[in-house]
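**Q** The amino acid sequence is not available; the structure is as follows:
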């Protein structure tokens, strides 16, 4: 039996080879904890052992080893791919776009872009500067889009 959200394997009473189950759970926790993805892609990249731990979001219409894994997170173990089905509200850091993606209503969503202030009848340069700085920090944190 596995845990309900991320299917971490449980150790059962009287189970032989408990270390295998425990190690599998640790591998999954290592992949899922503070998850960061290289990008979203439909074709698995060619990797080697030193790339172990790198993850991608599998895009729609994936091919090759990723076929049938649309929207899952694919993590390279060093020898093969492990796939994780996202849970509602799950967040990952997208390294390629420097933004946090969140899995909501069955899709990965990125934050909306918020334009910097410009124009207007009365221009308050001090307020505009403060708002621009705030928006810049929110973008750098991945809270809002670029």
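**A** Everything's here; your move. Every value quoted in this text rests on a predicted model; they were computed, and no experiment measured them. Numbering: from 1, shown residues only.
**Q** Distance of residue 16 relative to residue 103?
**A** 36 Å (C-beta to C-beta, to the nearest Å). (Each C-beta comes from the backbone N, C-alpha and C, glycine too.)
**Q** What mean pLDDT does the strand or helix carrying residue 56 get?
**A** Assessed by DSSP states H and E, residue 56 sits inside strand 55-58. The average of the pLDDT scores along strand 55-58 is 97.
**Q** Which strands or helices does that strand pack on?
**A** strand 36-37, strand 40-41, strand 73-76, strand 91-94 (3 or more C-beta pairs under 8 Å, 6 or more residues apart in numbering; DSSP states H and E).
**Q** Okay, now the sheet partners of the last one, with direction.
**A** The partner list of strand 91-94 in its sheet, established with DSSP bridges, is strand 36-37 (parallel), strand 99-104 (antiparallel).
**Q** The third one too?
**A** Strands adjacent to strand 73-76 in the sheet, as given by DSSP bridges, are strand 55-58 (antiparallel), strand 81-84 (antiparallel).
**Q** got a markdown table for these, with distance to residue 38 and mean neighbour count too?
**A** Shown next, in a markdown table, are those (distance: least, C-beta to C-beta, whole Å; neighbours: other C-beta atoms under 10 Å):
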| stretch | distance to residue 38 | mean neighbour count |
| --- | --- | --- |
| strand 55-58 | 5 | 23 |
| strand 81-84 | 13 | 16 |
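**Q** right, so of those strands, which gets closest to residue 12?
**A** Ranking these by proximity to residue 12 (C-beta to C-beta) places strand 81-84 first, at 21.4 Å.
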